[in-house]
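Enquirer: Only the shape, not the letters, is given here:
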């Protein structure tokens, strides 16, 4: 057939492509690569995630290191005196009150022990680490930021292709649907891990010494949490047309709210098992080994479920 | 090559395709019907984008839904979205890589296919800036990459300029000549007629008729074929024609122009030939008035026949 014509003006002919080998493995690897590249195109959810990261890093940097130094902790919280102020008050009482020798000795011993504890570098470090873990890592990072950051990339992998009606181009290639689903998941992982682990590193570094301790202790939990959350939100992308909305609702209600409830409700949340992999988990924890098994099992199980769902789904919205 | 066996497809309570049995062999088949008749559903079933609720769709013996089936399919959808930030060349090359070509082969194949569809010298711009016709050509290019045996083309001529249409039609004819099977859905009935006289006509999710236009026209007994004849002795010819068994009626206009309605066109033309030779009628002009795809659609589908 003559269209553009050859360089010499001769008709262009279509050579049969059975002369070259079409490799499904090569096509699949390229799909992972091109999907990874396309994930780089940041969308609204990614900008929100990055904005939250910047905001949280700023807040943590602002309150560090004062917030993690237990000499500054107040009892009752926020309204009461700090530990250092209590110690000063005790010392003033010792000096000012006419106490008998026995009582004075007890007060001396108490205040000395208190002072020693407040000034012991090891104790200060441990206390700071514990406080940072409770306030930032357990309460904010694992139950709110980790799911939100994970969904910002994971729901986009298939969800964005669906919304843009470009999924059709992938579904018409000679690639099996489970392979497409798996390739999309693998393409998301570097971005999700980069944001979650990178964000966690930033928060920890902004917190100073307690943050560095937390980073050393918790990064494997963040890694496994990311894998599980990404698998879940990737599945939502295959299931729902507005996957990001569904995932945000899930992240808020099931992870942030139910994940912090007492009793067994929290066991329905991925963030609970992520915290159980950390050193100081929530109430009624499961063993770290069991938590690891649950997270690994969830990742594999959700991926397998997603592959089945994707393989059987008809995307009527693509026409 | 493409086989539908008692295929039905529902969208909830609405039936998209109803008990369709259809076999296509190499060559070009036009798929025509009014809006909502099930053409696109049929094509999407063949492309493996939908699964039949009943029956099965196979391509070269493989289920269309499965990856083995897709290796034989090139699908040019009506859908008009791409990776808009890419250039046309980049898009086709990405599609080639996703077919399993190595990088160098993909570049070569892309160049070859772009030349084939007339886009080699203007495929560098971003897709979002392309005209409808250029986008159609890119869609066609991606469908041809892996040299499929079956090409499913949903409105492939839509938006293409007259020269581009001619080139596309030539390409389709060339592909058919090479033994490919093409199923072309189009509202452009005149263009489709230039391509093939083998059509499948769809109505309300069913295949109303399939075959050559002549064959389908012959089967429409209750709609006699209208033939216009210009002849010096119009009155004498009209009288002679009324004696023929298959003539349902004759209208005489201006003495030398007749419109004949014939029931069995094949037999009628044999009888007419004999009559003209025997009686030495001087027939100056003869044309059939309602054997076009459009006319046949009109008879078959009644008021639905408006296809846009």
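Expert: That came through fine. What you see is a predicted model, and the numbers here were worked out from it, not measured in a lab. Numbers count the residues shown, from 1 in each chain, chains lettered A, B, ... in the order given.
Enquirer: And the strands in chain A?
Expert: For chain A, the strands defined by DSSP state E cover A:74-75, A:81-82.
Enquirer: Might you list the low-confidence residue ranges for the chain?
Expert: Because you didn't say which chain, this covers chain A. A:1-20, A:42, A:279-284, A:318-319 (pLDDT under 70).
Enquirer: meant chain B actually
Expert: Residues of chain B meeting the criterion pLDDT under 70: B:221-222, B:302-308.
Enquirer: where along it do the strands fall?
Expert: Counting by DSSP E, chain B has strands at residues B:2-11, B:14-24, B:27-33, B:54-59, B:62-63, B:73-76, B:150-154, B:181-185, B:198-203, B:206-212, B:225-231, B:247-253, B:257-262, B:283-288.
Enquirer: Which among the strands of chain A is found nearest to residue A:277?
Expert: For these, distance to residue A:277 was read as Cβ to Cβ. The smallest value, 30.4 Å, belongs to strand A:74-75. For the C-beta atoms, the positions are set from N, CA and C on the backbone; glycine is no exception.
Enquirer: what helices or strands is the closest one leaning on?
Expert: The contact analysis (3 or more Cβ pairs under 8 Å, 6 or more residues apart in numbering or on different chains; DSSP states H and E) places strand A:74-75 against strand A:81-82.
Enquirer: What pairs with the strand it packs on, parallel or antiparallel?
Expert: strand A:74-75 (antiparallel) (DSSP bridges).
Enquirer: List the contacts of the strand it pairs with.
Expert: With contact meaning Cβ atoms under 8 Å, 6 or more residues apart in numbering or on different chains, strand A:74-75 is reached by A:80-83, A:86.
Enquirer: so which of the strands of chain A is the most packed in?
Expert: Comparing the strands of chain A by mean neighbour count (mean count of other Cβ atoms under 10 Å in any protein chain shown), strand A:81-82 comes out on top with a mean of 14.
Enquirer: quick one: is stretch A:155-166 near chain B?
Expert: Yes: using Cβ under 8 Å from any Cβ of the partner chain, we find that stretch A:155-166 touches chain B at A:164-166.
Enquirer: before we move on, the earlier item: farthest-apart pair in the contacts of strand A:74-75, please.
Expert: The most widely separated members of those, counting by Cβ to Cβ, are A:80 and A:83 (9.8 Å).
Enquirer: Looking at the two, which has the bigger crowd around it?
Expert: Per other Cβ atoms under 10 Å in any protein chain shown, whichever of residue A:80 and residue A:83 has more neighbours is residue A:83, with 20 against 12.
Enquirer: if we can go back for a sec, just curious, which of the contacts of strand A:74-75 is nearest to chain B?
Expert: residue A:82 (55.7 Å; Cβ to the nearest Cβ).
Enquirer: related to what we said a few turns ago, would you reformat the strands of chain A as CSV and include distance to residue B:108?
Expert: CSV is the format used below for those (distance: least, Cβ to Cβ, whole Å):
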stretch, distance to residue B:108
strand A:74-75, 73
strand A:81-82, 74
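Enquirer: what bridges to residue B:31?
Expert: Going by DSSP bridges, residue B:31 forms beta bridges with residue B:185, residue B:200.
Enquirer: Hmm, residue B:183 and it touching each other?
Expert: Yes: using Cβ atoms under 8 Å, residue B:31 makes contact with residue B:183 at a distance of 5.8 Å.
Enquirer: Quick one: end-to-end length of stretch A:141-148, please.
Expert: 10 Å (Cα to Cα, to the nearest Å).
Enquirer: Give me the buried positions along it.
Expert: Across stretch A:141-148, burial judged by 16 or more other Cβ atoms under 10 Å in any protein chain shown covers A:141-148.
Enquirer: How about stretch B:164-176?
Expert: Result for stretch B:164-176 [16+ other Cβ under 10 Å]: buried residues B:164-165, B:167-169, B:171-176.
Enquirer: Kindly reformat those residues as TSV containing distance to chain A.
Expert: Output for these, formatted as TSV (distance: Cβ to the nearest Cβ, whole Å):
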residue	distance to chain A
B:164	9
B:165	12
B:167	5
B:168	9
B:169	10
B:171	4
B:172	9
B:173	8
B:174	4
B:175	8
B:176	11
